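[1] pasting a predicted model and its sequence here:
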Amino acid sequence: MTTTAPLVDPRTIALAHYAARSVLERVLARHGTTFQQNVTLRLAAVADAPVERATLVDGVTGALKVHAADAHGTIDELIAAGLLVAAEGSRVDITDAGRELYAKASAETAPVTARIYAGISEEDRAVTGRVLTLIKERADTELAALEARQS
């Protein structure tokens with residue numbers, strides 16, 4: 001008996017997302033960091049320079065679909081923890097401690113990620129990437145329409 005792979009749908013996407021996110025959250029918990037804090041740290045870490053707070057907030061809200069107030073709260077938590085620091089004007093910069101934490105968490109999850117993706121062909125990953133990007137774009141459009149109707 002052969003089993004047919006399920007078609008991609010909201011449930012299969014959610015199951016894959018939450019399984020992978022759970023792996024990351026377990027690593028982050030050992031460092032006392034949340035998923036949202038890690039996303040925020042990553043945006044600051046890859047910027048290579050202080051970032052306008054508004055740009056950082058936009059990056060977090062765009063990635064996680066949270067309210068701006070939640071993103072500001074996360075930035076404040078990271079500043080209080082010494083992982084981000086207020087910089088010139090309204091800029092925010094990652095501290096050495098923040099960069100070290102982000103690097104440690106990334107290094108710990110890298111071998112797990114490699115095992116998860118092992119054996120999946122580049123072609124399959126490219127197709128999946130295209131499909132998920134299209135779904136995200138369409139969902140973003142729908143979300144913007146819903147928000148416009150609510151305002």
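    Nice, thanks for sending it over. Numbering: from 1, shown residues only.

[2] so which helix or strand takes in Val46?
    Per DSSP states H and E: Val46 is located in helix 35-47.

[3] and that helix, what does it pack onto?
    helix 10-30, helix 53-64, helix 68-80, strand 84-86, strand 91-94, helix 96-117 (3 or more C-beta pairs under 8 Å, 6 or more residues apart in numbering; DSSP states H and E). No exception for glycine: its C-beta is placed from N, CA and C like everyone else's.

[4] am I right that Ala5 sits in a strand?
    No: checked against DSSP: H, G, I helix; E, B strand; the rest coil, Ala5 lies outside a strand; its state is coil.

[5] counting neighbours, what do you get for it?
    Ala5 has 6 neighbouring residues, counting by other C-beta atoms under 10 Å.

[6] who wins for proximity to Arg138 among the helices and strands packed on helix 35-47?
    helix 10-30 (12.0 Å; C-beta to C-beta).

[7] pLDDT below threshold where in this protein?
    For the chain, the stretches flagged by pLDDT under 70 are 1-3.

[8] so which residue is dead centre in it?
    Nearest to the mean C-alpha position of the chain, by C-alpha atoms, centre = their mean, lies Val39 at 4.3 Å.

[9] ok, that residue to Ala49 distance?
    Distance, Val39 to Ala49, by C-beta to C-beta, to the nearest Å: 19 Å.

[10] then Arg138?
    Counting by C-beta to C-beta, the gap from Arg138 to Ala49 is 33 Å.
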